[in-house]
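Peer 1: test case, fold it:
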Amino acid sequence: MANAALSPIRRSTSLTKEVVDRLRRAILKGELAEGTPLPEAQTAAKLGVSRVPVREALVELERQGLVHFEDNGRAAVRPFTEEDLEEILGMRATLQTMAARLAAAKLTDDDVARLEAILDRARDERDLTDFSALDSAFHDEVVVIARHKRLSRVWADLRAQMELWLSRKHRQREKLTHDVRKATLASHKEMIECLKTRKPKAAGELMERHCSWSGWPPAD
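Peer 2: Prediction:
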């Protein structure tokens, strides 16, 4: 397990949450690569906590889809199979296309302001992991604007795995093309402008095209 990714946690009122947050960020940054074992005792020692919050955190991360338990009961950072990716990306495109259509029909000036605020923060962000989080936040906000409770619940179940996939793909593309920020910002700006026309069909079609790109490295 990577030594640099984990260091002792300062005590607080919610130790399990801190362990979840620390492990989650290390996974999203790639400091804990896919397949990395997460043994309770060693992880607890690195974080300076008991095994109980680590065990609870691993269960929560497993629920989010970032960690999986092997047949022997040991936890590891989840690798994505081809089947996993097909399901995640298919659901993402379907849910976001639906959200964009609904958002275009229900958009308010306050909604536009929130989307533009996320875009402004992303424009100033230099850390690629935090940039990927803002990319995810933009899509979260489109779901919020759609104002559809059941859509929101399904999106929440998918979100963590989608963010993990996106952060991994952003790092891969950035190494090859160095254009992740520029391309993502341009795409999100275009999405905002399309939503502002209040045309659901156009917004859905644009979102579907956007989800088919979303940081994939170009073909060799």
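Peer 1: name the helix or strand for the residue nearest to the spatial centre of the chain, please.
Peer 2: In the chain, the C-alpha nearest the mean C-alpha coordinate belongs to Glu163, at 1.6 Å (C-alpha atoms, centre = their mean). Assigned by DSSP states H and E, Glu163 belongs to helix 149-177.
Peer 1: just how off-centre is that helix within its chain?
Peer 2: 4 Å (C-alpha atoms, centre = their mean, to the nearest Å).
Peer 1: now stretch 42-53
Peer 2: 25 Å.
Peer 1: list of residues touching that stretch?
Peer 2: Outside stretch 42-53, the residues within contact range by C-beta atoms under 8 Å, 6 or more residues apart in numbering are 1, 3, 6-9, 15-16, 18-19, 22-23, 40-41, 54. (Each C-beta comes from the backbone N, C-alpha and C, glycine too.)
Peer 1: and these, which two are the farthest apart?
Peer 2: Across the contacts of stretch 42-53, no pair lies farther apart than Asn3 and Thr16, at 22.5 Å, counting by C-beta to C-beta.
Peer 1: quick one, which of those two is more surrounded?
Peer 2: More crowded of Asn3 and Thr16, by other C-beta atoms under 10 Å: Thr16, with 16 against 8.
Peer 1: using CSV, write out every CA atom in stretch 22-41.
Peer 2: Provided in CSV are the C-alpha atoms of stretch 22-41 (Å, rounded to 0.1, in the frame of the first residue of the first chain):
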residue,chain,number,x,y,z
ARG,A,22,-9.0,10.4,3.5
LEU,A,23,-9.2,7.1,1.7
ARG,A,24,-11.7,8.4,-0.9
ARG,A,25,-9.4,11.2,-1.8
ALA,A,26,-6.3,9.0,-2.0
ILE,A,27,-8.3,6.6,-4.3
LEU,A,28,-9.5,9.5,-6.5
LYS,A,29,-6.0,11.0,-6.8
GLY,A,30,-4.6,7.6,-7.8
GLU,A,31,-2.3,7.5,-4.8
LEU,A,32,-4.1,4.2,-4.0
ALA,A,33,-4.3,2.6,-7.4
GLU,A,34,-6.9,0.1,-8.5
GLY,A,35,-6.4,-3.2,-6.9
THR,A,36,-4.4,-1.8,-4.0
PRO,A,37,-5.0,-3.9,-0.8
LEU,A,38,-6.5,-2.0,2.1
PRO,A,39,-5.8,-4.3,5.2
GLU,A,40,-7.5,-3.0,8.3
ALA,A,41,-4.6,-3.2,10.6
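Peer 1: what's in contact with that stretch?
Peer 2: Residues contacting stretch 22-41 (C-beta under 8 Å, 6+ apart): 1-2, 4-6, 9, 43, 47, 51, 54-55, 57-58, 61, 64, 66-67, 74-80, 129, 132-133, 160, 163-164, 167-168, 171.
Peer 1: only the buried subset of those, as a PyMOL command please.
Peer 2: The buried residues among those can be selected in PyMOL (16 or more other C-beta atoms under 10 Å) with this line:
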select buried, resi 1+5+6+9+43+47+54+55+57+58+61+64+66+67+75+76+77+78+80+129+132+133+160+163+164+167+168+171
